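Visitor: Compute the structure for the input listed below.
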Amino acid sequence: MDYLTRTYRVPKWITSIALFLFFLSLGITFVIFFEPMYHWSISWFGVEKLTGYSADTLKMNYHELIGYLTNPLNRYIEDD
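Guide: Predicted structure coming up:
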């Protein structure tokens, strides 16, 4: 019954990898869902001139893409 009272330690490298993946995921999620940065980047990088689409069209497509990525079945749920 010694195995029931034994304490287990997580190696430091596992903790480091877990923290790295957590902060990487947090950073990516923040960038994807932070709309003002996307709106700013449209004008900063001149995306309108490069693509030929208006800023309103780019923003609408951004919202459609984010909506699909966060809940791909939402389109089928709303149609019912």
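Visitor: longest helix in this structure, by residue count?
Guide: Secondary structure of the chain per DSSP state H: the longest helix is helix 12-33.
Visitor: and that helix, what other elements does it pack with?
Guide: helix 55-70 (3 or more Cβ pairs under 8 Å, 6 or more residues apart in numbering; DSSP states H and E). For glycine as for every other residue, the C-beta is placed from the backbone atoms N, C-alpha and C.
Visitor: Buried ones in the longest helix of the chain, by neighbour count?
Guide: Neighbour-count burial for helix 12-33, counted by 16 or more other Cβ atoms under 10 Å, picks out no residue.
Visitor: what's the answer for stretch 31-44, then?
Guide: Of the residues in stretch 31-44, those buried (16+ other Cβ under 10 Å) are 38, 42.
Visitor: Give me the residues contacting it.
Guide: Here stretch 31-44 makes contact (Cβ atoms under 8 Å, 6 or more residues apart in numbering) with 47-48, 55, 58-59, 62, 66, 69.
Visitor: would you list these in a markdown table and tack on distance to residue 8?
Guide: Formatted as a markdown table, the contacts of stretch 31-44 follow (distance: Cβ to Cβ, whole Å):
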| residue | distance to residue 8 |
| --- | --- |
| 47 | 51 |
| 48 | 56 |
| 55 | 55 |
| 58 | 51 |
| 59 | 50 |
| 62 | 46 |
| 66 | 41 |
| 69 | 37 |
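Visitor: so which of the residues you listed is the most crowded?
Guide: residue 58 (17 neighbours; other Cβ atoms under 10 Å).
Visitor: first vs last residue of stretch 31-40, how far apart are they?
Guide: One end of stretch 31-40 sits 12 Å from the other (Cα to Cα, to the nearest Å).
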